[in-house]
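Trainee: quick one: sequence and predicted model below, then my questions.
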2 protein chains.
Amino acid sequence: MSKKATVYDVADRAGVSIATVSRVLRQPDAVRPATRERVLDSVTALGYVPSGSARGLAERRTGVLGLYFPGFDASEDAPVLDVLADGQAEAPPFTVEKTAPSDAGAPHPTMLFLDEVLRGAELEAWKQGFVLMIGVGRDDPTRETVRDIAGRVDGLMVLAQSVPDDVLARLAQRIPVVVLSGPARGDSYDHVTVSNAEAMTELTRLVLAEADAGEIAFIGGPEDSPDGAQRWDGFAAAVTEAGVAIDDVIVLRGDFTRASGHAAAEQLIDRGVPSVLVAANDQMALGAIEAFSSAGVRVPDDVRVTGFDGLEAAALSRPTLTTVRQPMIDLGRAAVQLLARRLEQPDADPMTVRLPLQILVRESSQRPA
Amino acid sequence: MSKKATVYDVADRAGVSIATVSRVLRQPDAVRPATRERVLDSVTALGYVPSGSARGLAERRTGVLGLYFPGFDASEDAPVLDVLADGQAEAPPFTVEKTAPSDAGAPHPTMLFLDEVLRGAELEAWKQGFVLMIGVGRDDPTRETVRDIAGRVDGLMVLAQSVPDDVLARLAQRIPVVVLSGPARGDSYDHVTVSNAEAMTELTRLVLAEADAGEIAFIGGPEDSPDGAQRWDGFAAAVTEAGVAIDDVIVLRGDFTRASGHAAAEQLIDRGVPSVLVAANDQMALGAIEAFSSAGVRVPDDVRVTGFDGLEAAALSRPTLTTVRQPMIDLGRAAVQLLARRLEQPDADPMTVRLPLQILVRESSQRPA
DNA sequence: CGCCCCAATGTATGCGCTTACAATCGCTCT
DNA sequence: AGAGCGATTGTAAGCGCATACATTGGGGCG
């Protein structure tokens, strides 16, 4: 790793000018084969790798797209890890957990969601010839991170709610911004969203059709979750449509975690088990099923339950959970496509892409045979 | 998004030189408060965001770390998605799947693994003041992507096997490289690994202790998987230690997928169910349990089964799967720490960090009460 | 054999920012 | 009031690469 080789070094060694070196790399056809060979030899011999910074500066574009999302996992509190500390080497190569809890190390559901979005974004970025840079919103009063990223990319994808409006507006002044999965507000960004409300309405219709007479319950998400709000709206529409007064619905509020779903179900058990329980996401639905199960309440026999998101865990639970699957991969891909489009046509009208959801009807919501 | 503002614009508007603007941003204390205010006002007014390229070039460092890993999911074959195509708008907002298969959309296990590594890396990168850039190895004959990334970062983390040796060597000539999770070969890179073999030996010991007399079976991974090889070695050691000839073990080969585990178990059912089945990863173990279950073979009563990796699905299966949990988050964090260390001490000796694994003893391997 | 034109290569400039070094400024001290 | 100094600010030189424009070298054709 002596001194990093530059175009100058390569040019010297090959006996050409730096312009020729640059051409060999960017427009190989513009250089005579013999010369090209010579240059490529130098490149190999010197281990030359072009500086992305210099290139970015000269070209006025970086070839990088940014993806920024909120950090739900309070990862700042992650246990200290210091592999450089002394004594590291003496640590045992493994430990044994005799009574392994089944939820050991289960990540926050939103993270799972983001993992897939990220995967989709990376895939599409690669297809379009971009590289991906990622950032997670954390307790960061100065908004440093997101600016830092904004300064290094050609375009930015942001998950709704992860960046304050004013900051986002400033960034959008410099580079194109695509907002992911937020409510379509009257802003001028490109958006990628899903039809939360419509799908929830249909899902609710389906459960209600399978349910016996009885009460209807709903476990909502946190107050400030736009997704949660949309899902509630969709649910409410179906209920009303079914001729049930919305005030007759038992509404509980959770925070999207499994524990909060569990707690909610316990409340329901105390006040009388409803015939239908619609949860605003999978984790809460799974927590509720757990609670019902320990209390001897049968799902779906006694109560039909539905979730939302389509986590893998929803497919593995007993009973399997009826839910709505988010097109997470496609969310990421669509965002990149929108960004690529805007980079080509900076002045096109803002566009909102709405991706279809997939309602997965499984055991938890069906009338037993 | 008119013309992107530069230091010059900010300087003009604030009536100072560009050096002062730069100082306000990099060393605020070196500027008189009144001047600083004036500059910051300009920054805000113009929506100025410093160019990462220019900064990187001037500072000779980018503040970015790269993470590069292999793409196992054949994502190149992903279905076409084109949100910009005409007719996009008319798509229905959702679809309904009546007989939702339980494995719909289950991602490749290795991806799950990588997701967590990535999360750990991002966390630690943030803590150390870096941003993360990611790249996935794909069918890429020219090695473009990885070089592309190498040119834009200060250091690179690479998953074992994702970059050919010669290419890696060339990159290492330019920037520090940390290799993740590969066998510790006699190279000069920094490494982060886990004790695959030791943990597998202990795990095997534990199962054998719980098992009745009978045959012992092993489902291995693909030929070229170093992890798979290490796990086999660890397994073999325990078997030998237990006084069983290694040739008496029934060895099947899978490819780390659930389907291959399923197929392997079916073979076992045909030739006679063993008393112990050790799989080289969770997915194969889960597939095997599935096959046993449909064939009426009871786990753990008739056969004790173990996996490896510690996927969430292993905790949710029936019976819950005994396995070894990889410290995936910590792998990512450790890699960043090593990289940060090397950036500070370029000439330090190469270092290998070995992280502890966690053996999770659950239902699938225990002698029934 | 000389001229014109195109292909190949070299020259020179600028991308936006950091920073060593120079030039000022504002005070303190005598 | 003048000198001396540290605090501020300005000046200018790159950082490594792409590229417009200039220059050179041949080949085809008259």
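Mentor: Okay, I see it. What you see is a predicted model, and the numbers here were worked out from it, not measured in a lab.
Trainee: contacting residues around the closest residue to DNA strand D within the stretch 251-369 of chain A?
Mentor: Distance from DNA strand D to each residue of the stretch 251-369 of chain A (CB to the nearest atom of the strand) is smallest for residue A:343, at 15.2 Å. All C-beta spots, glycine's among them, are computed from the backbone N, C-alpha and C. Contact partners of residue A:343, counting by CB atoms under 8 Å, 6 or more residues apart in numbering or on different chains, are A:154-155, A:176.
Trainee: how about residue A:284?
Mentor: Under the criterion of CB under 8 Å, 6+ apart, the neighbours of residue A:284 are A:219, A:221, A:254, A:256-258, A:260-261, A:264, A:307.
Trainee: next one: residue A:42
Mentor: A:9-11, A:13-14, A:21, A:48.
Trainee: mind checking how far it is from residue A:130?
Mentor: 28 Å (CB to CB, to the nearest Å).
Trainee: one step back: can you pull the pLDDT of the residue of the stretch 251-369 of chain A closest to DNA strand D?
Mentor: Confidence per residue is given as pLDDT, and for residue A:343 that number is 95.
Trainee: same deal with residue A:239?
Mentor: What the model reports for residue A:239 is a pLDDT of 97.
Trainee: and the helix ranked longest in chain A, anywhere near chain B?
Mentor: Counting residues, the longest helix found in chain A (DSSP state H) is helix A:109-127. Yes. Residues of helix A:109-127 are located near chain B by CB under 8 Å from any CB of the partner chain, namely A:111-112, A:115-116, A:118-119, A:122-124, A:126.
Trainee: heading C-terminal from that helix, find the next helix or strand.
Mentor: Tracing the chain past helix A:109-127, the next element assigned as helix or strand by DSSP states H and E is strand A:131-137.
Trainee: that following strand vs chain B: in contact?
Mentor: Yes. Using CB under 8 Å from any CB, a contact is recorded between strand A:131-137 and chain B, made by A:131-136.
Trainee: identify all contacting residues around the helix or strand encompassing residue A:219.
Mentor: When elements are assigned from DSSP H and E, residue A:219 belongs to strand A:216-220. Strand A:216-220 has contacts (CB under 8 Å, 6+ apart) with A:208, A:228, A:231-232, A:235, A:239, A:244, A:248-254, A:260-261, A:264, A:268, A:274-280, A:284-285, A:288.
Trainee: in strands, which of these fall?
Mentor: Within these, membership in strands is found for A:250-253, A:276-279, as judged by DSSP state E.
Trainee: can you give me the strands in chain A?
Mentor: In chain A, the strands defined using DSSP E lie at A:64-70, A:94-97, A:131-137, A:155-159, A:177-180, A:190-194, A:216-220, A:250-253, A:276-279, A:304-306, A:323-325, A:352-355, A:357-360.
Trainee: compute the inter-axis angle for the first one and strand A:155-159.
Mentor: In terms of direction (axes from the mean of the first three to the mean of the last three CA atoms, to 10 degrees), strand A:64-70 departs from strand A:155-159 by 20 degrees.
Trainee: partner strands of strand A:64-70, with direction?
Mentor: Here the strand partners of strand A:64-70, with direction, are listed using DSSP bridges: strand A:131-137 (parallel), strand A:155-159 (parallel).
Trainee: and those: which comes nearest residue B:363?
Mentor: Among the strands paired with strand A:64-70, the nearest to residue B:363 by CB to CB is strand A:131-137 (35.6 Å).
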